[in-house]
Structures are given as C-alpha cells and as structure tokens.
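In: Provided below for reference: sequence and predicted model.
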Amino acid sequence: MNPADEYTVRPARRFGGVLRVPGDKSISHRALILGALAVGRTTIRGLAPGADCRSTIRCLSALGAGISGSPGPDATVWHVEGLGLGGLRPPPGPLDAGNSGTTARFLLGVLAGHPFSATIVGDESLSRRPMRRVAEPLTLMGARIATTAGCLPATVTGGRLRAVTCEMAIASAQVKSAVLLAGLHADGVTVVVEPQQTRDHTERALSAFGAEVTVEPPRVSVRGGAALAAADLTVPGDLSSAAFWAAAAAGVPGASVTIEGVGLNPSRTSFLRMLGRMGARVDVRIDDGQGFEPSGTVTVSHAELGHADVRPHEVPGLIDELPALAALATHGGGLAVTGAGELRVKESDRIAALVAGLRALGADAQEAADGFVITGGRRLPGGVAYAVGDHRLAMAFAIAALGADGPSLIRGAASVAVSYPGFFDTLERLCA
C-alpha cells in the first residue's frame, strides 16, 4: 500500500468552523457537456475540481470542443467553445472516462446523435458498472451501441435519431439525462417517464442553455433540433460533499459547522431533512438572486441522535449521501436502509464495502440484499478500514472514525481526489 494512499484519523476533541465545499460535480458535468453542444462560448464558474470532471473535460476536448481553464482550487473559471448540436468530431482514439460513470453514460447519449463511431473506455471499477440500461433506450432511438457484456468498453455509432417515450424501470438521473441529451439530436419530442423523481440538474441546465424542456412529473420531455445558446453559469458547492461535514457536526458532541454557497436544489435536500429526522439541528438560509441552481448557507449542530429508517421511495433522493448517513449512525441512534440495491453498482459495491469498513472500525453493521442496518449506541474502538478506491467510502470512514476511542487508519484514502481533492486538509482544519 502506498503510504500516500493511507490516512490516520484521530478521535475529534472538537469539530467546527465555516467553510465552502468544491463545486457540485453533477452540475459541472452537465454544464461542460451542454457547453460543448451549444453555439458560442460558455463560461463556468466554480467548476468541480475532482478527477471525474477532468475525465469529462478530457473526453470533450478529444471530441473537438475547446476547453480552457485550470483544475487548481484557485482557478475556478472555465470556458467552453461550443460546436453546436451534432458538431462534435470523431476522436483520435478511445474516450477514457476514467472512474466517472456520469461521463460515460452522458457521452453515450451525446454520441448517439453524431454520425461517427467512438469507443468509451474506463478504469477497472467503471468497466464493471452497468451500461445496458443506457444503451437500450438509445438503441430504440436509432443509435448502434456495442457493449462488453453490458459494460465498458462500449462503441457508439450514432446518426439521425427518432424521438421516443422511455419508461424507466429503475429511477436513475444518469439514465434520464443520457436519454434527454440524445433527445436534443432527435426528430420530435423525447419523453422520459420516471418511476420516482430523481435530481433535476439536467432539466435546469437544459433550460439555462435555451432548450425546450417540459417537466410534468413523472414525465420530462425535450424537443430536439433547436440550437442551444452559450451560457454564463455559476456552479454552487456540492451538497454531497458538504454532507460529510454536516454528518460530522451532527455526530460530534459540541460540534457545529456552517457551509456557505452550497447547492440547495430541492431534489437534493432530502439529506438535510434526514439529518433532522435523526435529531441534528439544521438551519438553512437560501441566498437571494438565485441563478439556474439555488444555493445558500447550511448550519448543522450536534444534538442527541435517534434511529431513522430510509425507505425505498426515499432512496433516489439520497443515493449519494447514504454513506455519510451511515457514518453519522455510528455516532449514535442507528440507521436502517432498504431499497438501495443501486448502491451495489456504484464505484464499488457500496453496500458490501461500506458495511465491511464500518465493521472494521468496530461498528455494529449488517448487510442486506438491498441495504444495510447500522445499530447505534456504542462507541467505536477504531481500526483499519479499506475504501476500495471509492471516494465516498473514504470520506464516510473518516467521519465515522472521528467518534472512535482510538485512531483509525483509512486505506484507499487517495480516492477522495475523485470529487474532493482537499478533503483531508479541510478535516484537519475543522478538528483543530
């Protein structure tokens, strides 16, 4: 194990402060891709600095879009020179999505409307994640997609598309978004029918770029063929990253943290309501003069925690924050999650790896087919937890370890660079 990939977390004697988190990863992907499909120069402020968005930038650049900026935390303004709908160019080789499922699935939708063939590849983890659920509706629209046993590598041969009505069997914002991105290039109106509402960042971004999008839950539709106009966008802080600091503040006695400029899209704030159900004190203030995505300030303070249940209909709105909630449950109260089988096909099998890591730290954690149970009420002794290359697990184990009796070692800690490169630096500051 590379020593740089290990991090020791010591029990928190105090925790608190005021901070900002990196730009929202989900919004950043969408802004980059729609900027490449628009006419003119799009400006994006506050772009997420992690490896996943760098994968999207790398792929779009290979497809001919002019993208300039810097991935450094202090250089957050990026520009995208769009090529218009259908204007992307054949890449010189395979498009490497790295570890980013969002990059891969969104590009499948985009490339379905372009008259050339391109192959998308990814790292070992991404190459195990399912792509057939995206490929099937795109095939019905007229694209040809050859996957590798339903996974990457996948070769897309696109062209003229026909609009369809896609009734999704599983709630997935990524699949919905891939179909809507393809629908921009289709003849007619493409409709997605969701079994449960998922985050609506794509619908908001489409409107910001001038697309004709209609939202009538459970249906979302987009009219194809209309040119997109370049936009000037500001990406708020990522609530999924902020979730770990909020969980720590809720769990550590005497703690309080204030997170400024964080995204408060209503389709993402189920996490804050869940914190309240678990007993934390949560204060939310929405900023005036909202852009295309609402943002504001969130303050979370410790309180006595109780047990909470996450039921299947709640999972789509919490899917990325479940590791943070599991970490909080180890500080007291407990948590039971059902209907979250989708966690098994994330960057890791997040159910198995999350339970294994928390148990290694001393938690009473049990795995179920579609979820897990964390029994609170006892302090962790500490231990060695392996994040299996999954950024959200590395952060979750660190937050759980703050409440242990002794130090804990997080292995695979370098994976936080996928979404939050400065995570451990911020952890040290908040514990100082």
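Out: Here it is on my side, so go on. As the structure is a computational prediction, the values presented were derived from the model and not from experiment. Numbers count the residues shown, from 1 in each chain.
In: for stretch 80-88, buried residues please.
Out: Residues of stretch 80-88 classed as buried: 80, 81, 82, 83, 85, 86, 88 (neighbour count, 16 or more other Cβ atoms under 10 Å). (Each C-beta comes from the backbone N, C-alpha and C, glycine too.)
In: I meant to write stretch 172-188 there.
Out: So stretch 172-188, judged by 16+ other Cβ under 10 Å, has buried residues 172-186.
In: and for stretch 390-410?
Out: In stretch 390-410, counting by 16+ other Cβ under 10 Å, buried: 390-404, 408-410.
In: same check, this time on stretch 366-373
Out: 371, 372, 373.
In: contact partners of it?
Out: 310, 312, 326, 334-341, 343, 351-352, 354-355, 365, 375 (Cβ atoms under 8 Å, 6 or more residues apart in numbering).
In: of those residues, buried ones?
Out: Looks like the contacts of stretch 366-373 have 310, 326, 334-338, 340, 343, 351, 354-355, 365, 375 buried, using 16+ other Cβ under 10 Å.
In: ok, residue 52 - contacts?
Out: Per Cβ under 8 Å, 6+ apart, neighbours of residue 52: 25, 29, 98, 99, 100, 102, 103, 418, 419.
In: go again with 7 Å.
Out: With contact set as Cβ atoms under 7 Å, 6 or more residues apart in numbering, residue 52 has these partners: 25, 99, 100, 102, 103, 418, 419.
In: which SS class is it?
Out: Following DSSP: H, G, I helix; E, B strand; the rest coil, the label given to residue 52 is helix.
In: which pLDDT value goes with the nearest residue to it once chain neighbours are set aside?
Out: Counting by Cβ to Cβ, 6 or more residues apart in numbering, residue 52 lies nearest to residue 100, which is 3.9 Å off, once chain neighbours are set aside. At residue 100, the pLDDT value in this model is 97.
In: same deal with residue 1?
Out: 51.
In: what's the answer for the one 10 residues further on, then?
Out: Note on residue 11: pLDDT of 97.
In: next, it: secondary structure please.
Out: Going by three-state DSSP: residue 11 is coil.
In: mind listing the helices for the chain?
Out: 25-37, 51-62, 101-111, 132-140, 173-183, 201-208, 239-251, 270-278, 322-329, 350-360, 391-401, 423-431 (DSSP state H).
In: can I get those in CSV with distance to residue 18?
Out: As requested, the helices of the chain are arranged in CSV below (distance: least, Cβ to Cβ, whole Å):
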stretch, distance to residue 18
helix 25-37, 22
helix 51-62, 25
helix 101-111, 29
helix 132-140, 40
helix 173-183, 30
helix 201-208, 26
helix 239-251, 11
helix 270-278, 17
helix 322-329, 19
helix 350-360, 29
helix 391-401, 18
helix 423-431, 10
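In: thinking again about what came up before, inside strands: which ones of the contacts of stretch 366-373?
Out: Among the contacts of stretch 366-373, the ones falling in strands (DSSP state E) are 310, 335, 336, 337, 365, 375.
In: quick check, the first one in contact with residue 319.
Out: No: with contact defined as Cβ atoms under 7 Å, residue 310 and residue 319 do not form a contacting pair (10.2 Å).
In: ok now do the residue nearest the centre of the chain, which residues does it touch?
Out: Nearest to the geometric centre of the chain sits residue 26, at 5.2 Å (Cα atoms, centre = their mean). By Cβ under 7 Å, 6+ apart, the contact list for residue 26 reads 102, 199, 201.
In: state the distance from it to residue 196.
Out: 17 Å (Cβ to Cβ, to the nearest Å).
In: what is the neighbour count of the residue lying closest to residue 420 once chain neighbours are set aside?
Out: Nearest-residue entry for residue 420: residue 241, 5.0 Å, with adjacent residues in sequence omitted and distances by Cβ to Cβ, 6+ apart. Neighbour count for residue 241, taken as other Cβ atoms under 10 Å: 28.
In: same check on residue 307?
Out: Neighbours of residue 307 (other Cβ under 10 Å): 18.
In: cool, and residue 378?
Out: Using other Cβ under 10 Å, the number of residues around residue 378 comes to 11.
In: and stretch 57-72, average pLDDT?
Out: In this model, stretch 57-72 has an average pLDDT of 89.
In: what of stretch 169-182?
Out: 96.
In: what's in contact with that stretch?
Out: For stretch 169-182, using Cβ under 7 Å, 6+ apart, the contacting residues are 33, 101-102, 105-106, 108-110, 112-113, 133-134, 137-138, 141, 161, 166, 168, 190, 192, 194-196, 198-199, 202, 206, 220, 222, 316.
In: same thing with stretch 425-432?
Out: With Cβ under 7 Å, 6+ apart as the test, stretch 425-432 has contacts from 12, 14, 15, 16, 17, 19, 245, 257, 398.
In: could you dump the residues you listed to CSV with distance to residue 58?
Out: Output for the contacts of stretch 425-432, formatted as CSV (distance: Cβ to Cβ, whole Å):
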residue, distance to residue 58
12, 37
14, 41
15, 36
16, 38
17, 34
19, 29
245, 29
257, 34
398, 28
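In: just among those, which is most surrounded?
Out: residue 245 (28 neighbours).
In: list the residues that contact the closest residue to it other than its chain neighbours.
Out: Computed as Cβ to Cβ, 6+ apart, the closest residue to residue 245 that is not its neighbour in sequence is residue 257, at 5.1 Å. The neighbours of residue 257, taking Cβ under 7 Å, 6+ apart as the test, are 16, 17, 245, 246, 249, 300, 430.
In: and if you look at residue 311?
Out: Here residue 311 is in contact with 338, 339 (Cβ under 7 Å, 6+ apart).
In: pLDDT value on it, please?
Out: The score at residue 311 is 97. That number is its pLDDT.
In: residue 220: neighbour count?
Out: Other residues near residue 220 come to 26 when the count uses other Cβ under 10 Å.
In: how near is residue 38 to residue 291?
Out: 17 Å.
In: so which of those two has more stuff around it?
Out: Relative neighbour count places residue 38 above the other of residue 38 and residue 291, with 26 against 16, counting by other Cβ under 10 Å.
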